[in-house]
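Novice: need coordinates for the below:
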Amino acid sequence: WYVAEGDYRDLKDECRELFLHLGQWLGWQAVLQYNGHTIDLGGTWEWLRLKDAFTRYASMSLAEAIERDCFEEVLSSEVEPKLGFERPVFIYAYPKSMGSLARSSITDIGCVERFELYVAGIEIANAFGELTDVDEQRARFAAEQDLQQKLGHRVMPMPEKFLADLGHLPECAGIALGLDRLIMLFCNAQTIDEVTAFIPEEL
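Specialist: Prediction:
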């Protein structure tokens, strides 16, 4: 979903309201019981920079993981399994290279307005403030074209229609929340297969 005339911090608040609403609808207190863990939904949810999450949980820094081209491996094996067991946690301040359509952060230089929400080691949502500055977006696309050319890859043409329409957007932010993962948490299911209508193996 999207929020107009707002930013990604508004989506952070809406995520918390959604979890609390579901808990109240189920007749629970402001807690979530999942896989033997009691997760506090009613208190302050953690707001943690990506680089600080790597410092706290990983065997190397964020910069080193990016330099050694093993960011995804370290994130999934060392960082994500430690997130959100006492309270939900928002990981934010992603490098610009990890948010090509996200607005630049004014508080974290070199980063974008993006967060991912984690509960019990599970990524639940990915959100970012939309980059509506046409000139900056064009410059990012041009830089990506240069990189792909240097790597010998196919260079995609500049998306002129997208850039033309981009200038008409108000300040806004969007989020993708995994509904199946949300249901899995509230049903205390051990695997996502338990809550989906069908699994790929059944197709």
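Novice: ranges for the strands of the chain?
Specialist: Secondary structure of the chain (DSSP state E): strands located at 2-4, 31-34, 37-40, 46-49, 89-95, 111-119, 122-129, 172-177.
Novice: so which of these is nearest residue 190?
Specialist: Within the strands of the chain, the stretch nearest residue 190 is strand 31-34; the backing value is 9.7 Å (C-beta to C-beta). Glycine gets a C-beta too; all of them are placed from N, C-alpha and C.
Novice: any idea how far apart the tips of stretch 53-70 sit?
Specialist: 15 Å (C-alpha to C-alpha, to the nearest Å).
Novice: how far away from the center of its chain is it?
Specialist: Averaged C-alpha coordinates place stretch 53-70 at 18 Å from its chain's average position (C-alpha atoms, centre = their mean, to the nearest Å).
Novice: coming back round to it: looking at the strands of the chain, which is closest to residue 196?
Specialist: Closest approach to residue 196 among the strands of the chain is made by strand 122-129 (14.5 Å; C-beta to C-beta).
Novice: kindly provide the whole-number mean pLDDT of that closest one.
Specialist: Regarding strand 122-129, the rounded mean pLDDT is 96.
Novice: tell me which strands that strand pairs with, and in which orientation.
Specialist: Taking DSSP bridges as the criterion, strand 122-129 pairs within the sheet with strand 111-119 (antiparallel), strand 172-177 (antiparallel).
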